[in-house]
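1. sequence unknown, structure follows:
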């Protein structure tokens, strides 16, 4: 029985069983996914930062979501690539906690940021004349800071129980470290942590769902009401919210699949591990494509800069 305060702990991730001759193949597959994710998100981030026409609340919030996606994918994929290439499964306590903290922060922050984006869309569609008065620069940055603060606070409290929890094992039966995986090694049950984790997840998910449902109900009502006079108003309102709604549904489906798969013992461990990885890969890879396709302004700015660079060459 050891605790992080008494002596160093080194965990061993169970990971996937990969025959040595296939290790390089899976490494390059993971590397390809990581490079595509980095390229897409960094392009969106850089274009928004460089183009002053995009320095508006909606795109500032997209930048926050991009940072969140980068955090989640970077916490998992680089170490997964090391696992595939070298077979290394050991991870020290501090990196293990850092990885778990990053993954959980990614999951909560994505939801809180999407909740703030829903509020912004609600103000933009339902109060267009007062939008710039309500969504000032100070309020915009306060809302973004609040989204990150809520995520960091909730996850910080969740991981506070790890500091002096005695552990009676070091093998984590997962592909990456998580709160549940680490505390499953505890010498005695951790009901407070379990209750808090479930309560926090339920509170955040339910609160964000209610915020988004209320916002879109009001948006739909306002769009239909104004659309009777001008159909283009209704079409523009639906278009400006489409990307946000698709991204939210993508996050919810990904997290729901992970939660459901973990609750069925009949599902093999390899499938559970694979599904849990998809949660940190699919949204970060697809989100830049969604915003690039739906947002005409962002798409036009990306094309403009790519074309401009080609002309210069």
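-> That came through fine. Small disclaimer: the values here were computed from a predicted structure and weren't measured. Residues are numbered from 1 along each chain as shown.
2. Excluding chain neighbours, what is closest to residue 222?
-> Of all residues not flanking residue 222 in the chain, residue 126 sits nearest, at 4.7 Å (CB to CB, 6 or more residues apart in numbering). (Each C-beta comes from the backbone N, C-alpha and C, glycine too.)
3. same check, this time on residue 174
-> Nearest one to residue 174, counting by CB to CB, 6+ apart, is residue 181 at 4.4 Å.
4. How many neighbouring residues does the one you found have?
-> For residue 181, the tally of surrounding residues (other CB atoms under 10 Å) stands at 20.
5. Please name the residues that touch it.
-> Residue 181 sits next to 100, 172-174 when contact means CB atoms under 8 Å, 6 or more residues apart in numbering.
6. Can you pick out the most distant pair from those?
-> Using CB to CB, the pair of the contacts of residue 181 lying farthest apart is 100 and 173, separated by 14.0 Å.
7. Compare the two (neighbour count), which wins?
-> Taking other CB under 10 Å, residue 100 and residue 173 do not tie; residue 100 has more neighbours (25 against 14).
8. right, and the more buried one touches residue 177 too?
-> Yes - counting by CB atoms under 8 Å, residue 177 is a contact partner of residue 100 at 4.2 Å.
9. for this protein, what are the low-confidence residue spans?
-> Along the chain, segments meeting pLDDT under 70 span 1-8, 226-240, 260, 262-265, 293-294, 308-313.
10. Where do the helices of the stretch 151-300 of the chain begin and end?
-> Using DSSP state H, counting those that start in this stretch, the helices of the stretch 151-300 of the chain run over 179-183, 191-227, 231-262, 269-294, 296-312.
11. ok now the longest one, how far from the chain's centre?
-> Think helix 191-227. Helix 191-227 has its C-alpha centroid displaced from the chain centroid by 16 Å (CA atoms, centre = their mean, to the nearest Å).
12. list the buried ones in that helix?
-> 193, 196-197, 200-201, 204-205, 208, 211-212, 215-216, 218-219, 222-223, 226-227 (16 or more other CB atoms under 10 Å).
13. got it, and stretch 271-281?
-> Under the neighbour-count criterion of 16+ other CB under 10 Å, stretch 271-281 has 272-273, 275-277, 279-281 buried.
14. among these, which two are most distant?
-> Checking those with CB to CB, the most distant pair is 272 and 281, at 15.1 Å.
15. Look up how far residue 290 lies from residue 212.
-> Look at residue 212 and residue 290: by CB to CB, to the nearest Å, they are 16 Å apart.
16. Same question for residue 196.
-> Distance check for residue 196 against residue 290: by CB to CB, it reads 33 Å.
17. same check, this time on residue 107
-> From residue 107 to residue 290 the distance is 19 Å (CB to CB).
18. These two: which is more packed in?
-> Neighbour totals were compared for residue 107 and residue 290, and residue 107 leads with 23 against 16 (other CB under 10 Å).
19. Give me the three-state assignment for that one.
-> Under DSSP: H, G, I helix; E, B strand; the rest coil, residue 107 falls in the helix class.
20. List the residues that contact it.
-> With CB under 8 Å, 6+ apart, residue 107 has these contacts: 72, 255, 279.
21. 7 Å instead, please
-> Going by CB atoms under 7 Å, 6 or more residues apart in numbering, residue 107 touches residue 255.
22. any idea how far it lies from residue 159?
-> Residue 107 sits 13 Å away from residue 159, taking CB to CB as the criterion.
23. if I look at the two, which residues touch both of them?
-> With CB under 7 Å, 6+ apart, residue 107 and residue 159 have no common neighbours.
24. Can you list which of the contacts of residue 181 are found in strands?
-> residue 172 (DSSP state E).
25. now the contacts of residue 181 in JSON lines, with distance to residue 268?
-> JSON lines is the format used below for these (distance: CB to CB, whole Å):
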{"residue": "100", "distance to residue 268": "23"}
{"residue": "172", "distance to residue 268": "17"}
{"residue": "173", "distance to residue 268": "12"}
{"residue": "174", "distance to residue 268": "13"}
